[in-house]
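In: build me a model from this:
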Amino acid sequence: MAAADLSDAIGHVFGDAALLRQALTHRSHSQPHNERLEFVGDAVLNCVIAQVLFQRFPALPEGELSRLRAGLVNQASLASHGERLALGRYLQLGEGEARSGGATRPSILADALEALIGAVFVDAGFERAQAVTLGIFEQALTELDPVASEKDPKTRLQEHLQARRLALPVYRVTAVRGEAHRQEFEVECAVEAFGVRASGTGTSRRAAEQVAAREAYERVVGE
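Out: This next block holds a predicted model:
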């Protein structure tokens, strides 16, 4: 594992290198794995993003702030940041998880990113974890538009098609993985008018549909 590359990417050199190893160790590989650090990182991430939104949008009510935060820290968003950091390259996975594509699975990438933030917090405290988090989310925060973010991806896609009197998208569950209490759904969103078929994964069918709808919308608008 080229830990130096990842440290450079997030702007933090770990005083305790074992924390970085733990953050990148999936439960399928060995103990200690990253779920405890994920727990901490989730709390730190939500706190940091909440503080930024509170300061940046003083006129927005609590409900709108919560909606914006949810859009920034959902599984799809976290996984995309994890992909950008190439976390899959550093993950330690069990043989079965590795063979089944765990290094690119959104849920695993999202969890690893939260664990990484948690590891920075444990290693160096809140201010350092805050700086790392803001660095990772800098572009997403810069591009954040409360007005444009009001509608979820499924609604935006549906309204875009309805405005052009085109057939609505069709959603289909293509796979369900994992145990009953930790299932991951894969959904396909088909927009026949544009010949677009997009897929998304999530911990619920609804979450997976939103991820697929977001990808489909971006492709449809780009046509």
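In: name the element V173 belongs to?
Out: Element membership for V173, per DSSP states H and E: strand 170-177.
In: within its sheet, name the partner strands of that strand and how each one runs.
Out: Listed by DSSP bridges, the sheet partners of strand 170-177 and their directions read strand 184-191 (antiparallel).
In: next one: the partner strand to chain centre, how far?
Out: Strand 184-191 has its C-alpha centroid displaced from the chain centroid by 17 Å (C-alpha atoms, centre = their mean, to the nearest Å).
In: return it as PDB; C-alpha atoms alone will do.
Out: Output of strand 184-191 as PDB, limited to C-alpha atoms (Å, rounded to 0.1, in the frame of the first residue of the first chain):
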ATOM      1  CA  GLU A 184     -27.200  -3.500  -1.200                       C
ATOM      2  CA  PHE A 185     -29.500  -2.900  -4.100                       C
ATOM      3  CA  GLU A 186     -28.500  -2.300  -7.700                       C
ATOM      4  CA  VAL A 187     -31.100  -0.600  -9.900                       C
ATOM      5  CA  GLU A 188     -31.200   0.300 -13.600                       C
ATOM      6  CA  CYS A 189     -32.900   3.500 -14.800                       C
ATOM      7  CA  ALA A 190     -33.900   3.300 -18.500                       C
ATOM      8  CA  VAL A 191     -34.800   6.400 -20.500                       C
END
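In: tell me the first helix or strand C-terminal of it.
Out: The element immediately downstream of strand 184-191 (helix or strand, assigned by DSSP H and E) is strand 196-202.
In: ok, residues contacting that next one?
Out: Applying C-beta atoms under 8 Å, 6 or more residues apart in numbering, the set of residues contacting strand 196-202 from outside is 75-76, 105-107, 174, 184-191, 208-216, 219-220, 223. Glycine gets a C-beta too; all of them are placed from N, C-alpha and C.
In: R164: neighbouring residues, count only.
Out: 9 (other C-beta atoms under 10 Å).
In: swap that for Q55, sorry
Out: Applying other C-beta under 10 Å, we find 8 residues neighbouring Q55.
In: ok, E127 next?
Out: 9.
In: and the next helix or strand past the lengthiest helix in the chain?
Out: Counting residues, the longest helix in the chain under DSSP state H turns out to be helix 35-56. Using DSSP H and E, the helix or strand that follows helix 35-56 towards the C-terminus is helix 62-73.
In: and the following helix or strand past that next one, what's buried?
Out: Scanning the chain past helix 62-73 towards its C-terminal end, the next helix or strand to appear is helix 75-84 (assignment: DSSP H and E). Within helix 75-84, the residues that count as buried by 16 or more other C-beta atoms under 10 Å are 75-82.
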